[in-house]
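Trainee: here is the input, now give the coordinates:
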Amino acid sequence: MPERPSAREALALVTDDFTELPGPPGRSGPDGPLGWAGYDASRARATARTGEQESVVVGRGTVGSAPAVLIAFEFGYLGGSLGERTGDRLEAAHVHARAHRLPVVSLVATGGSRMQEGMLALTQLQRVARQSALTRAAGLPQLAVLRDPTTGGGWATLGAGADVVLALPGAQVGFAGSRVRPPEADPAAYTAEAQLTAGTVDAVVPPAELRAAVGLWLGLLTAPSTEPAPVPRPLGPADLPETGWDAVRRARDPGRARSRAYLDAYFTRRAALGGDRSGGSDPDGMLCGFGSHDGRTIAYAAQTGTATRPAGYRTAARLIRLADTLSVPVLTLVDTPGAANDAEAERQGVGAAIADLFTAVATARTPLTTLVIGEGGSGGALALAAPDNTWVTPDSYFSVIAPELAAAILKRPAGRVRATADQLRVRPQDLVALGVVRGIAGGETAPAPPSG
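Mentor: All right, here's what the predicted structure looks like:
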């Protein structure tokens with residue numbers, strides 16, 4: 001097996017101006033807190049082999065145009081394991097980040113907690129988790145890059161606990177290291193690529209592209225704003241539908257502009273979140289991430305015209321909460337016939353996922369802007385809509401239920417579907433008149449509500 005890149009080599013992938021921070025005072029005691037025979041000698045050999053005094057190197061550097069606190073694990077030092085002195089350095093990194101209002105980037109390569117320090121090593125995970133929570137509460141982003149391997153407590157704190165998680169191709173990633181897994185375990189499940197599929201990694205990035213990717217993310221995540229996202233301009237026809245069924249037909253037109261076209265037109269650059277952090281992703285049904293619009297960072301969650309899966313709703317909720325923490329405004333694009341309603345969606349908790357998204361939207365302090373660009377199908381669409389700042393395009397509709405389903409529930413013949421669409425008042429101009437939306441993008445707006 002080729003030798004793994006060192007901490008310094010990992011740092012060189014992302015920055016040219018790394019400056020190491022002074023390490024906290026060392027801890028005394030022969031052979032560590034447990035008096036583990038030979039522990040001091042093992043550490044001395046690790047230092048001689050790597051040139052490092054501990055399993056992490058901490059400092060400051062610029063990635064792209066963004067200054068950051070950088071943490072790099074040295075796997076050659078006792079397998080990048082976490083001990084008390086590691087915890088000292090990680091805590092110092094977060095304290096420095098908060099004092100200087102800097103994001104934290106962790107280049108992780110670790111086998112877990114250090115056995116020679118017993119439970120005192122394991123409790124460093126609580127310490128790291130607390131520091132991460134304090135940094136998040138301060139509104140500062142945390143980004144992790146998973147190197148080979150990232151296992152154990154390092155994965156379950158600095159790795160999976162980061163706001164954005166990138167991974168190097170082929171990296172071993174999982175809570176269980178290779179020597180403690182069940183013998184029948186599929187090794188392919190413990191890879192960066194498998195974690196991407198499972199929604200716990202946002203992107204797998206080749207080393208040559210890592211600096212640009214980290215720089216893009218830091219640039220986007222460190223630009224707070226209090227102004228709402230502007231409403232995108234409509235990409236379809238400007239005329240309004242004459243009937244409710246015309247509105248439905250236009251919204252279902254396969255040639256209509258979809259969310260990717262809207263995102264391409266709205267953002268000059270963007271970076272995508274890859275999943276819900278709960279074992280799933282919905283890449284075909286929900287697009288989430290951060291982008292740059294007229295020099296401002298705006299978060300986005302966009303349905304793609306398909307039935308949205310539970311993982312899609314959970315990813316959108318994750319996006320909104322992260323944007324709220326970082327004080328970044330959010331744009332949502334509504335376009336779905338409704339939530340997925342198959343048996344697998346029920347097993348995956350579609351109702352709970354929609355409820356959680358409603359809560360994320362309702363409790364967000366950062367401003368939300370919504371544009372309905374196609375079908376607005378019932379609660380599966382409404383969950384993504386800003387309660388007081390939703391707009392519609394001329395080729396969209398919003399309905400409590402699809403006209404066909406409404407007719408079926410009312411036991412009406414198929415020939416009454418079009419009339420039912422009219423009764424539901426689903427046209428853009430109907431929604432404005434009802435006060436359900438603020439206005440039609442590029443057109444009329446709803447009258448102001450009465451004062452008092």
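
Trainee: got the contact list for stretch 32-46?
Mentor: If you take C-beta atoms under 8 Å, 6 or more residues apart in numbering as the criterion, stretch 32-46 is touched by 27, 29-31, 52, 76-78, 83-84, 116-118, 120. C-beta here means a position set from N, CA and C on the backbone, and glycine is covered the same way.

Trainee: also stretch 408-426?
Mentor: Contacting residues not belonging to stretch 408-426 are listed as 243-245, 247-248, 397-401, 403-404, 406-407, 431, 433-434 [C-beta under 8 Å, 6+ apart].

Trainee: gap between the two ends of that stretch?
Mentor: Distance across stretch 408-426, first residue to last, is 17 Å (C-alpha to C-alpha, to the nearest Å).

Trainee: now find how far off-centre it is within its chain.
Mentor: Distance of stretch 408-426 from its chain centroid, counting by C-alpha atoms, centre = their mean, to the nearest Å, is 40 Å.

Trainee: ok, now which ones touch the closest residue to T336 other than its chain neighbours?
Mentor: Of all residues not flanking T336 in the chain, Q303 sits nearest, at 4.4 Å (C-beta to C-beta, 6 or more residues apart in numbering). Shown in contact with Q303 (C-beta under 8 Å, 6+ apart): 259, 285-286, 312, 333-336, 381, 384.

Trainee: list phi and psi for Q303.
Mentor: Note on Q303: backbone dihedrals following degrees, to the nearest 10 are phi -80, psi 150.

Trainee: report the beta-bridge partners for it.
Mentor: Beta-bridge pairing for Q303 (DSSP bridges): M286.

Trainee: how about L166?
Mentor: For L166, the beta-bridge partners are V145, A203 (DSSP bridges).

Trainee: pretty sure it is touching G159, no?
Mentor: No: using C-beta atoms under 8 Å, L166 is not in contact with G159; the gap is 10.3 Å.

Trainee: common neighbours of the two, please.
Mentor: When C-beta under 8 Å, 6+ apart defines a contact, the residues bordering L166 and G159 alike are 144, 146.

Trainee: can you tell me the centre-most residue of this structure?
Mentor: L273 (4.2 Å; C-alpha atoms, centre = their mean).

Trainee: so where's this protein uncertain?
Mentor: Counting by pLDDT under 70, the chain has low-confidence residues at 1-2, 177-180, 443-452.

Trainee: check contacts around the closest residue to N389 other than its chain neighbours.
Mentor: Of all residues beyond its chain neighbours, the one nearest N389 is T369 (5.2 Å), with distances taken as C-beta to C-beta, 6+ apart. The contact partners of T369, taken as C-beta under 8 Å, 6+ apart, are 228-231, 329-332, 386, 389, 391.

Trainee: how far away is the residue lying closest to A421 once chain neighbours are set aside from D395?
Mentor: Counting by C-beta to C-beta, 6+ apart, G244 is the residue found nearest to A421 once chain neighbours are left out, at 3.4 Å. The spacing between G244 and D395, counted by C-beta to C-beta, to the nearest Å, is 14 Å.

Trainee: so between these two, which is more surrounded?
Mentor: Under the neighbour definition other C-beta atoms under 10 Å, G244 and D395 were set side by side, and D395 has more, 26 against 23.

Trainee: what helix or strand is the more buried one on?
Mentor: Using DSSP states H and E, D395 sits within no helix or strand.

Trainee: shouldn't it be in contact with A238?
Mentor: No: here D395 lies out of contact with A238, judged by C-beta under 8 Å, at a distance of 9.4 Å.

Trainee: report the secondary structure state of the closest residue to S399 other than its chain neighbours.
Mentor: Once its chain neighbours are removed from consideration, S399 has its nearest residue in V426; the separation is 4.4 Å (C-beta to C-beta, 6+ apart). When the structure is reduced to helix, strand and coil (DSSP: H, G, I helix; E, B strand; the rest coil), V426 reads as coil.
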